[in-house]
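Chemist: got a structure for you, letters missing:
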């Protein structure tokens, strides 16, 4: 079991790791009533409200279904957030529960072992990566790849006691290709590969 993580090991683990607006419009009849009241005269005309229709049907608001691309991006970004939450939990069982919806089952044990090594060293995470997704490729009926120019320069590990930074996830322009697979109705992160190539945003 790995007890001490090198800077490269920490980076690899890091990579592993609505209001509804209602527009209320006054009916035309009510507008006329308010105009009559505003006159305040004794001889103001009485305005009748229009008869209420017997059967009124309101159009149901429909939420557009997210596209496959939207679902892949949500899973990819959710994976990073879940990794941060799992690291902050400092509890193996809790971390496993958090990550279960983002990585395949066989990856969980490896991931939790890496987290436990960090916890033994008194390390916690700080910051978050900034996404600059360049493209999403649906590579098959159940596989996808996210090409991201990640800013990892403000995220990494620090000593919980001293606050000293002991490792960073990467640089400000890290080209990362992350693969996902659809399993049991969810998109799960299956791998991440850094690309030795410049990227821009």
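Modeler: Good, I have the coordinates. Remember, it's a predicted structure, so these values are computed and weren't measured experimentally.
Chemist: Would you tell me which helix is longest in the chain?
Modeler: Secondary structure of the chain per DSSP state H: the longest helix is helix 68-89.
Chemist: which residues does the residue lying closest to residue 172 once chain neighbours are set aside contact?
Modeler: The spatially closest residue to residue 172, leaving aside those adjacent along the chain, is residue 153, at 4.2 Å (CB to CB, 6 or more residues apart in numbering). The C-beta positions use only the backbone N, C-alpha and C, and glycine is treated the same way. Residues near residue 153 by CB atoms under 8 Å, 6 or more residues apart in numbering: 168, 170-172.
Chemist: Residue 174 against residue 152, yeah?
Modeler: Yes - Residue 174 is within contact range of residue 152, at 5.2 Å (criterion: CB atoms under 8 Å).
Chemist: same for the helix or strand that residue 134 is a member of, what does it pack against?
Modeler: For residue 134, the element it lies in under DSSP states H and E is strand 133-138. Strand 133-138 sits against helix 68-89, strand 143-150, with contacts defined as 3 or more CB pairs under 8 Å, 6 or more residues apart in numbering; DSSP states H and E.
Chemist: Would you map the helices across the chain?
Modeler: So, for the chain - with DSSP H - the helices run 7-16, 28-39, 68-89, 92-99, 105-120.
Chemist: Worst mean pLDDT among these?
Modeler: Lowest mean pLDDT within the helices of the chain: helix 28-39, at a mean of 32.
Chemist: So which of the contacts of residue 153 is the closest to residue 73?
Modeler: Nearest to residue 73, judged by CB to CB, of the contacts of residue 153 is residue 170 at 19.8 Å.
Chemist: For burial, what's the neighbour tally of that closest one?
Modeler: Neighbourhood size, residue 170 [other CB atoms under 10 Å]: 18.
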